[in-house]
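> Below are the sequence and a predicted model; questions follow.
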Protein chains: 2
Amino acid sequence: MSKIELSKRQEKILEIVKENGPITGELIADQLHLTRATLRPDLAILTMTGYLEARPRVGYYYTGKTDTQFLSDELKKLLVRDYQSIPIVISVKVSVYDAITTMFLEDVGTLFVVDDQSYLVGVLSRKDLLRASIGNQELTSIPVNMIMTRMPNITVCRQDDLILDVANALIDRQIDALPVVKESEKGLEVIGRITKTNMTKILVSFADEEVIS
Amino acid sequence: MSKIELSKRQEKILEIVKENGPITGELIADQLHLTRATLRPDLAILTMTGYLEARPRVGYYYTGKTDTQFLSDELKKLLVRDYQSIPIVISVKVSVYDAITTMFLEDVGTLFVVDDQSYLVGVLSRKDLLRASIGNQELTSIPVNMIMTRMPNITVCRQDDLILDVANALIDRQIDALPVVKESEKGLEVIGRITKTNMTKILVSFADEEVIS
């Protein structure tokens, strides 16, 4: 947003409106000892860029928006459905050893555990598996059931959720991934996964202008 | 940037400049059957917002910038130094078991391994440790030396590097963290760490407008 550099006069107009708004163009011009016509381009720029808003018969008022706020508006629109990855699920009946093997084969950091009917019952992170694996137990004989994070302690999200809410959840709960779920009468179906890698890719895609907006 | 909505006339000007630029304001006005004075606010807006650039004696030309490009400009300025976290380092002499313990104690996903003189010699991810831990070996007797990723296969970054380059490196190399290093005559000193969590936080801070710019 650095491209929108306000002129000194525009900065002055902003200050006048901040202090006195709503205020008419005439009155702004008076304060600056300029004509209304001289100010027209400046006022047009300030409203176009969203710094000011204009209402007929009321005048100009300050929107309180800063440069990065426009950027923020753009970010706040992103939805999970447009950025989610394919989920890797395993049966609740498999062993910790099998879970670790699946994690390496699929090259993911988080596995979702489902019951016989394919509904979500647990989540396994690399950290969970690492903790189990130093326990000096026979990994092939421990079911994932014993070490997974289980409902209702699992944080989930939906396709219509905001990317931003998911990003905040990942940070607050100190986890790497959330399952994207679809509710049915009998339980939660896992239809996607969203990770810190997705977040990193969104950051990069913003810079590359590939973001859907 | 959705706040900057161009008027029909401004869109028309953009098209004229795209096709004929560089072109003078006079000639644009001619094409639109308007006076130069009438166009002045529009041209001012288009240059202020970065869509067009103006050069004396040459005229207006199209910069090829889109809305999200301004956002991208902002992102492209971020530096590692402003977002890095504290690195957790371990000695190359400790065991895999000790490394796993440190990882849990410090609650990080990546450890940096240093030699006697505190210079970087290796990196250990959760994945590396998990792989070692299913090997059925005695973890207390395997030195980290045996399983770590070692120089020159370590991707590093510097404080002055761009966040964007680091984000791309994390994605391309499918890793969770990079060490931030400072070069000295004898080796690389680890002074920070930058992770996908940092990237997720940057994304959120952009939305919250906390980004330094």
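Sure, I can see it.

> who's in contact with the one helix or strand A:Val204 maps to?
Using DSSP states H and E, A:Val204 sits in helix A:196-207. Contacts to helix A:196-207, defined as CB atoms under 8 Å, 6 or more residues apart in numbering or on different chains, come from residues A:75, A:78, A:83-85, A:163, A:167, A:170, A:176-177, A:211, B:68, B:71-72, B:75-76, B:163-164, B:167-168, B:170-171, B:176, B:195-197, B:199-200, B:202-203. All C-beta spots, glycine's among them, are computed from the backbone N, C-alpha and C.

> same thing but 7 Å
A:78, A:83, A:85, A:163, A:167, A:170, A:176, A:211, B:68, B:71-72, B:75-76, B:164, B:167-168, B:170-171, B:196-197, B:199-200, B:202-203 (CB atoms under 7 Å, 6 or more residues apart in numbering or on different chains).

> angle of it against helix B:196-207?
50 degrees (axes from the mean of the first three to the mean of the last three CA atoms, to 10 degrees).

> From the chain's centroid, how far away is helix A:196-207?
10 Å (CA atoms, centre = their mean, to the nearest Å).

> circling back: buried ones among the contacts of helix A:196-207?
A:78, A:83, A:163, A:167, A:170, A:176, A:211, B:68, B:71-72, B:75, B:164, B:167-168, B:170-171, B:196-197, B:199-200, B:202-203 (16 or more other CB atoms under 10 Å in any protein chain shown).

> In helices, which of the contacts of helix A:196-207 fall?
With helices taken from DSSP state H, the overlap with these comprises A:163, A:167, A:170, B:68, B:71-72, B:75, B:164, B:167-168, B:170-171, B:196-197, B:199-200, B:202-203.

> Could you list the low-confidence segments of chain A?
Within chain A, the set of residues satisfying pLDDT under 70 comprises A:1-5, A:64-72, A:136, A:209-213.

> okay, which residue is most central for it?
Closest to where the C-alpha atoms of chain A average out (CA atoms, centre = their mean) is A:Leu164, at 2.0 Å.

> in terms of contact, does it touch A:Asp73 like I think?
No. In this structure, A:Leu164 is not within contact of A:Asp73 by CB atoms under 7 Å, at 11.3 Å.

> According to the record, where do the domains of chain A fall?
A:8-67, A:80-207 (automatic domain parsing).

> could you dump these to a markdown table with distance to B:Glu53?
Below are the domains of chain A laid out as a markdown table (distance: least, CB to CB, whole Å):
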| stretch | distance to B:Glu53 |
| --- | --- |
| domain A:8-67 | 16 |
| domain A:80-207 | 21 |
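
> Out of these, which gets nearest to B:Tyr62?
domain A:8-67 (18.1 Å; CB to CB).

> Run the contact check for stretch A:95-103 versus chain B.
Yes. Stretch A:95-103 lies within reach of chain B by CB under 7 Å from any CB of the partner chain, at A:Tyr97, A:Ile100.
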